[in-house]
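Peer 1: what follows is a predicted structure for the sequence shown.
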Amino acid sequence: MSKKFPLNTKGFHPFGELIGLNFTELEKGYSQCTLEVVDKLLNPYKVVHGGVLYSMADTGMGAAAYTILGKNELCATIEIKINYFKAIKAGVLTCNTKVIHQGKKLVAMDSEILNDDQMVAKALGTYSIFKTKDNS
């Protein structure tokens, strides 16, 4: 049985909330989150810091993985590889994440980050699935 995650939850965790992440879709093996580009997310060259895009992918992957976990399971990032295609100065970023492989101990996911329907980054990540005694 997959876990439930309420939509319109700010950020998914405190860091996601700090950067302004919002989840707009969440279903089994899939998540979509958005982020409005604001000045505090820019680097010294006045474009979105790469760490913001990475954080969108990482958090989107965590949320997508969360939807397929059992009651007493958690997950943690093992690795993420990201390619950046375009510098972004303004607008809304959308990160679409899907589970592409699920095993008993590992899950692999793919994230595409878009700005006005143009892909600006793509990430591939692997997460560890592990059991816990108490998942409260």
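Peer 2: Structure received.
Peer 1: now G60: phi and psi?
Peer 2: phi -60, psi -40 (degrees, to the nearest 10).
Peer 1: check contacts around it.
Peer 2: Each residue near G60 by Cβ atoms under 8 Å, 6 or more residues apart in numbering is listed here: S31, Q32, C33, C95, N96, T97, S111. For glycine as for every other residue, the C-beta is placed from the backbone atoms N, C-alpha and C.
Peer 1: change it to 10 Å
Peer 2: Applying Cβ atoms under 10 Å, 6 or more residues apart in numbering, we find G60 in contact with 12, 16, 21, 23, 26, 30-33, 94-98, 109, 111-113, 123, 125.
Peer 1: could you do L93 as well?
Peer 2: L93 makes contacts with 20-21, 33-37, 41, 48, 52-53, 56, 113-116, 120-121, as judged by Cβ under 10 Å, 6+ apart.
Peer 1: which non-adjacent residue is nearest it?
Peer 2: Spatial nearest neighbour of L93, excluding adjacent residues (Cβ to Cβ, 6 or more residues apart in numbering): L35 at 4.7 Å.
Peer 1: for N83, same thing?
Peer 2: Spatially, and ignoring its direct neighbours in sequence, N83 is nearest to K122 (5.2 Å; Cβ to Cβ, 6+ apart).
Peer 1: for the one you found, the count of nearby residues, please.
Peer 2: 16 (other Cβ atoms under 10 Å).
Peer 1: just confirm it is within a helix.
Peer 2: No - K122 is assigned strand when assessed by DSSP: H, G, I helix; E, B strand; the rest coil, not a helix.
Peer 1: tell me how far it lies from D110.
Peer 2: Using Cβ to Cβ, to the nearest Å, one obtains 7 Å as the distance from K122 to D110.
Peer 1: which neighbours do those two share?
Peer 2: Common neighbours of K122 and D110 (Cβ under 10 Å, 6+ apart) are A57.
Peer 1: let me see the confidence value for the residue nearest the centre of the chain.
Peer 2: Central residue of the chain (Cα atoms, centre = their mean): G60, 1.6 Å from the mean position. G60 carries a pLDDT value of 96.
Peer 1: now swap in F15 and tell me
Peer 2: Predicted confidence (pLDDT) for F15: 85.
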